[in-house]
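>>> Give me a 3D structure for the following:
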Amino acid sequence: MIGDRGLLVPAVGAVLVLTTGFFAVQDAAGQDEGSLSRSALTVIAPAAAGGGWDLAAREFQQATRTESIVNSVQVVNVPGAGGTIGLGRLHRLEGDTTSVMVTGAAMVGGIEMGGSSVRLSDVTPVARLTDDYQVIAVPADSPWQTLDDFLEDWREDPDLPVGGGSAGSPDHLVAGQLAEAAGLDPSGLHYTPHAGGGELTLSLLSDAQGTVRIGVSGFNDFRDLIAGDRLRALAVVAPDRLDGVDAPTTEELGYPSVDLVNWRGIVAAPGITAEEQAELVEITEEMYEADSWQEAIDRNHWDPSWAGPEEFTRFLDEEETRIRTLMIDLGLIDRP
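Numbers count the residues shown, from 1 in each chain. Purely as a prediction, here's the structure:
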């Protein structure tokens with residue numbers, strides 16, 4: 001149950017919240033110390049504009065604005081290295097209660113691939129929000145009408161490139177699972193990473209030599225192009241078919257081991273108090289329960305998967321182990 005918000009008190013001065021330079025100084029005059037995050041909140045999207053993290057951050061921004069949960073909410077994109085550059089920025093904001101970051105399975109893989117010195121256990125968990133599903137797609141004029149059409153050619157030519165997001169991302173891991181399910185050596189996978197869904201779709205639709213002809217990405221990266229008949233979905237990696245997408249699941253096609261599910265969550269800077277963490281959890285829970293967020297879930301074909309900070313912490317520990325094991329099995333990283 002969400003408690004009452006603190007009452008604003010008359011301002012006696014301006015409180016300057018300092019960050020590492022890429023955030024603007026924010027005037028929190030009129031707020032008591034416990035209400036800074038209600039006054040102004042920065043949401044870090046640890047990727048370029050247009051991808052899944054950016055979408056989740058902007059839907060969070062829109063819902064908190066629409067419901068007047070936070071007075072001012074801005075999104076800052078900090079792309080690179082599978083989200084670990086954004087994670088590093090958040091980690092350096094120790095004690096800052098006015099910044100949160102969207103995270104997900106791709107960041108767990110990015111940490112393992114890049115050997116990041118900062119891990120998700122080094123920041124403050126707030127909540128898990130949603131599950132997001134991957135789609136395997138080709139250009140509309142592709143000769144591969146079904147996933148099995150592609151797999152037949154892939155077995156004959158294992159060097160066929162598969163495109164997706166950053167190295168170690170869910171896209172990469174799904175491609176590795178698919179190779180293994182097809183009887184190929186996943187360690188020999190020719191995976192072509194891209195900075196985000198936008199770059200991947202440009203590559204898929206380009207006629208330039210060397211561009212990829214099949215890609216794996218989150219549904220929302222491909223959604224408009226599938227609806228516009230410019231891309232064809234061969235399969236979705238989800239428990240059930242997605243509404244409005246005329247494509248079978250990998251399990252339906254006989255590949256139940258191709259099952260990696262992406263997810264989205266919110267984390268905060270390290271070094272905040274339990275009370276400050278609780279305030280951020282309360283803000284996020286209010287946003288999550290709002291009609292505007294539920295509409296975003298429906299619009300983006302997400303599945304709600306709320307977990308508060310304690311459950312989210314346990315989930316992150318399990319997810320780290322699961323993804324590290326999968327990456328070792330696929331030959332993406334060495335055993336410790």
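
>>> all contacts plus neighbour counts: C-alpha atoms, from now on.
Will do.

>>> pretty sure Thr97 is in a helix, no?
No: with the criterion set as DSSP: H, G, I helix; E, B strand; the rest coil, the secondary structure at Thr97 is coil rather than a helix.

>>> For this protein, which segments count as helices?
Across the chain, reading from the start of the chain, the helices by DSSP state H fall at 36-39, 52-66, 84-92, 105-114, 147-156, 170-181, 197-205, 219-227, 274-289, 291-299, 309-329.

>>> Now distance to Thr250 too, for those, in a markdown table please.
What follows is those, written out as a markdown table (distance: least, Cα to Cα, whole Å):
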| stretch | distance to Thr250 |
| --- | --- |
| helix 36-39 | 42 |
| helix 52-66 | 21 |
| helix 84-92 | 30 |
| helix 105-114 | 19 |
| helix 147-156 | 9 |
| helix 170-181 | 9 |
| helix 197-205 | 21 |
| helix 219-227 | 14 |
| helix 274-289 | 30 |
| helix 291-299 | 22 |
| helix 309-329 | 18 |
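
>>> Adding mean pLDDT, mean neighbour count and distance to Val261, write these out as a markdown table.
Output for these, formatted as a markdown table (pLDDT from 0 to 100; neighbours: other Cα atoms under 10 Å; distance: least, Cα to Cα, whole Å):
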| stretch | mean pLDDT | mean neighbour count | distance to Val261 |
| --- | --- | --- | --- |
| helix 36-39 | 93 | 23 | 31 |
| helix 52-66 | 94 | 22 | 13 |
| helix 84-92 | 97 | 22 | 20 |
| helix 105-114 | 91 | 23 | 8 |
| helix 147-156 | 98 | 14 | 19 |
| helix 170-181 | 94 | 24 | 7 |
| helix 197-205 | 88 | 20 | 17 |
| helix 219-227 | 90 | 19 | 12 |
| helix 274-289 | 97 | 19 | 20 |
| helix 291-299 | 94 | 15 | 16 |
| helix 309-329 | 94 | 16 | 11 |
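
>>> Tell me which of those lies nearest to Thr98.
With respect to Thr98, and counting by Cα to Cα, the nearest of the helices of the chain is helix 36-39 at 4.7 Å.

>>> how much space is there between Glu311 and Ile323?
Applying Cα to Cα, to the nearest Å, the value for Glu311 to Ile323 is 18 Å.

>>> right, I mislabeled it, should have said Thr42
The spacing between Thr42 and Ile323, counted by Cα to Cα, is 29 Å.

>>> how far out from the middle of the chain is stretch 71-90?
Stretch 71-90 has its C-alpha centroid displaced from the chain centroid by 12 Å (Cα atoms, centre = their mean, to the nearest Å).
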